[in-house]
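# all I have is the shape, not the residue letters:
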C-alpha cells in the first residue's frame with residue numbers, strides 16, 4: 001500500500017469514526033420527548049361571573065428510544081387555585097386523568113395507543129379558574145382585575161418515566177395570547193405585545209422566552225402612577241385613584257431599599273429597570289398564605305401578609321392601610337428577587353444557615369427603609385429564641401437553629417465588615433447564578449475576600465449549641481434592652 005493510499009484510508013476511517021460519534025451523541029439513551037411548539041391562551045371574562053379560561057396546546061415529538069404509553073404532568077395546586085376539572089385530548093382523542101403512583105400532585109394521561117418513536121402528536125389542555133368561594137382564602141380575582149403569578153397556574157409537562165428519561169423542557173420561545181376587556185391595563189412577561197381590538201375586547205400576543213421565566217399576567221382597570229427614580233422606575237397600579245404627592249415618600253423609600261439590595265447583592269440582571277406595585281384584586285385571595293418560617297424573626301407578632309411577589313418585577317400589595325404602609329410591606333418582599341426568585345431552582349429548598357439568607361435580606365431592606373434601630377431590635381428579638389444554656393450533646397430545636405442561622409449573617413457582617421460582606425455575597429450570587437448555592441459556596445466566597453479561615457468561624461457558630469457569648473453580650477446591653485419595637489424607641 002502506498003503512502004497516499006494509506007493516507008486516504010486514514011482519512012476515511014477518521015470520517016467514519018466522526019460520523020459514528022455524531023450518531024452516538026444524538027442517540028437517545030432512554031424514553032423521552034421534545035416540546036417542539038407550545039401556545040398558551042388566556043381569556044378573562046367578567047360577566048355573568050368572572051372567570052379565567054386557559055387553553056394550552058403542545059406539539060410533541062417522541063425522540064426517545066422506545067414508544068410511550070402515557071405522559072405525566074403537574075396540574076395547578078387545589079390548595080392555591082379554585083378550578084373546574086381540566087380537559088385533555090391527544091390528537092383529538094379525549095384523555096382521562098389518573099393519579100400518578102409516585103407523586104400525588106401529578107397525574108398521568110394514558111394514550112389510546114402507544115406513541116411510537118419519531119412520531120409527533122398534539123396535546124390540548126384546558127382549565128377554567130373561578131373566584132374563591134366565601135370563607136376560602138385560595139387565589140381569587142374581581143370582575144375588574146386579576147393576576148396570574150409566575151408559578152403554578154398552567155399545567156407543567158414532566159419528563160418521561162424511566163432511566164435516562166427526558167422531556168418537559170419548554171421550547172426556546174412560545175406564544176402567550178391574552179384576551180381581556182377593553183380598558184384593562186396589562187403587564188406580562190415576554191416581548192412587547194402585538195395588540196388588536198374587536199367588539200369590546202383587546203387581544204395581546206406576546207412571545208415568551210425561556211429566560212423570561214414562568215409566565216405571569218397582571219391586568220385590570222387600574223389607575224397608574226409612574227415614578228422615575230434610579231436605579232429602577234416605579235409603577236404603582238391602584239384600583240382607586242391615589243394622591244400622587246402622598247406616594248412620593250413611599251416611592252423614595254422603596255428606591256432606598258433597592259439601593260441597599262444592589263449594594264449588598266449586586267445589581268439584578270434585568271433588561272428593563274422597572275418595578276410594578278399592583279393593588280390586590282381581592283385581598284383575601286391575593287397572597288399564597290405560605291409565609292416563611294422565618295417571618296416571625298423580621299415582623300411583629302401577628303403581622304399579616306400584605307405584599308408578595310407575583311413575578312421577578314411585580315409585587316402584589318394590600319393598599320387598605322394607606323400609602324405610607326406600602327414601604328414597610330413591600331421592601332422585604334423585594335429581597336427575594338436578588339436571591340433567586342424565578343431563577344435559582346433551589347431558592348425554596350436551602351438548608352440552614354443558607355435558608356435564612358432571604359430573611360436576613362428582608363431585614364436589611366426594612367432597616368434601609370425604617371432606620372438603623374431596626375437592626376438592633378431584630379437581633380435582640382431573635383436572641384430571645386436561643387436559650388442561654390444548652391446541652392452540648394442534645395440536638396437543638398429547629399426553631400433555635402432557624403434563629404441561629406438568621407443571626408449568623410449579622411455575625412458575619414460584624415466580623416468582616418460591610419464592604420467585604422457585600423463583595424462576598426455578590427461574588428457568590430454571580431458565580432452561582434441560575435444554579436443554586438450552598439454553604440461551601442458561601443465559605444469559599446468569604447475566604448476569597450478575606451484570605452482567612454472562614455470555615456472555622458462557621459463551625460464555631462453553627463456546630464456549637466447556642467450563640468457565641470461575645471455576640472450576645474454585644475447586643476443584650478442594659479441600656480437598650482427595652483428597645484424591642486423599632487417604632488417605639490431607638491437603641
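Looks like it came in fine. The shown structure was predicted, so the numbers you read here are calculated from the model rather than taken from an experiment.
# need the contact partners of stretch 173-184.
Residues outside stretch 173-184 that contact it (C-beta atoms under 8 Å, 6 or more residues apart in numbering): 37-44, 46, 186, 188-190, 193, 197, 200-210, 215, 217, 219-221. Placement of C-beta: from N, CA and C, glycine included.
# now it: how far from the chain's centre is it?
22 Å (C-alpha atoms, centre = their mean, to the nearest Å).
# for it, the averaged confidence score.
Mean pLDDT, stretch 173-184: 96.
# for stretch 442-458, same thing?
Mean per-residue pLDDT for stretch 442-458: 94.
# same deal with stretch 352-372?
Stretch 352-372 comes out at a mean pLDDT of 83.
# for that stretch, buried residues please.
353-370 (16 or more other C-beta atoms under 10 Å).
# pLDDT weak spots in the chain?
Along the chain, segments meeting pLDDT under 70 span 1-27, 229-232, 244-248, 250-251, 268-272, 289-293, 300-303, 321-349, 432-436, 477-491.
# for it, what spans make up the helices?
Assigned by DSSP state H, the chain shows helices spanning 3-26, 244-265, 295-298, 325-338, 357-370, 373-383, 398-416, 418-431, 439-450, 454-462, 469-475.
# list just the one of these that sits closest to residue 281.
In terms of C-beta to C-beta, the element of the helices of the chain nearest to residue 281 is helix 325-338, at 16.7 Å.
# circling back: nearest to residue 126, out of the helices of the chain?
Proximity to residue 126, assessed across those by C-beta to C-beta, is greatest for helix 325-338 (31.7 Å).
# now do the strands in the stretch 101-250 of the chain.
106-115, 120-129, 145-148, 156-157, 173-181, 185-188, 194-198, 201-209, 217-220, 223-227, 233-238 (DSSP state E, counting those that start in this stretch).
# on that earlier part again, give me the buried entries from the contacts of stretch 173-184.
Buried among the contacts of stretch 173-184 (16+ other C-beta under 10 Å): 37-38, 40-44, 46, 186, 188-190, 193, 202-206, 208, 215, 217, 219-221.
# how about the helices of the chain in TSV, adding distance to residue 133?
Formatted as TSV, the helices of the chain follow (distance: least, C-beta to C-beta, whole Å):
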stretch	distance to residue 133
helix 3-26	51
helix 244-265	34
helix 295-298	27
helix 325-338	27
helix 357-370	32
helix 373-383	38
helix 398-416	34
helix 418-431	42
helix 439-450	44
helix 454-462	45
helix 469-475	47
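# and residue 171, which of these is closest to it?
helix 3-26 (18.1 Å).
# what's near enough to touch residue 422?
Contacts of residue 422 (C-beta under 8 Å, 6+ apart): 263, 264, 265.
# tell me how far the first one lies from residue 364.
From residue 263 over to residue 364 the distance is 9 Å, taken as C-beta to C-beta, to the nearest Å.
# could you break this protein into its assigned domains?
According to automatic domain parsing, the chain comprises the domains 34-220, 223-332, 354-480.
# distance to residue 28 for these - can I get that in JSON lines?
Shown next, in JSON lines, are the domains of the chain (distance: least, C-beta to C-beta, whole Å):
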{"stretch": "domain 34-220", "distance to residue 28": "4"}
{"stretch": "domain 223-332", "distance to residue 28": "34"}
{"stretch": "domain 354-480", "distance to residue 28": "25"}
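# tally of neighbours for residue 409?
A count of nearby residues for residue 409, using other C-beta atoms under 10 Å, gives 21.
# find the nearest non-adjacent residue to it, please.
Computed as C-beta to C-beta, 6 or more residues apart in numbering, the closest residue to residue 409 that is not its neighbour in sequence is residue 360, at 4.1 Å.
# give me the nearest residue to residue 141, chain neighbours excluded.
In space, residue 141 is closest to residue 281, 4.7 Å off (C-beta to C-beta, 6+ apart).
# give me the phi and psi for the one you found.
Phi and psi for residue 281, reported as degrees, to the nearest 10, are phi -60, psi -50.
# returning to what we had before: can I get the strands of the stretch 101-250 of the chain in a markdown table including distance to residue 456?
Shown next, in a markdown table, are the strands of the stretch 101-250 of the chain (distance: least, C-beta to C-beta, whole Å):
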| stretch | distance to residue 456 |
| --- | --- |
| strand 106-115 | 44 |
| strand 120-129 | 53 |
| strand 145-148 | 48 |
| strand 156-157 | 43 |
| strand 173-181 | 49 |
| strand 185-188 | 48 |
| strand 194-198 | 59 |
| strand 201-209 | 45 |
| strand 217-220 | 48 |
| strand 223-227 | 47 |
| strand 233-238 | 44 |
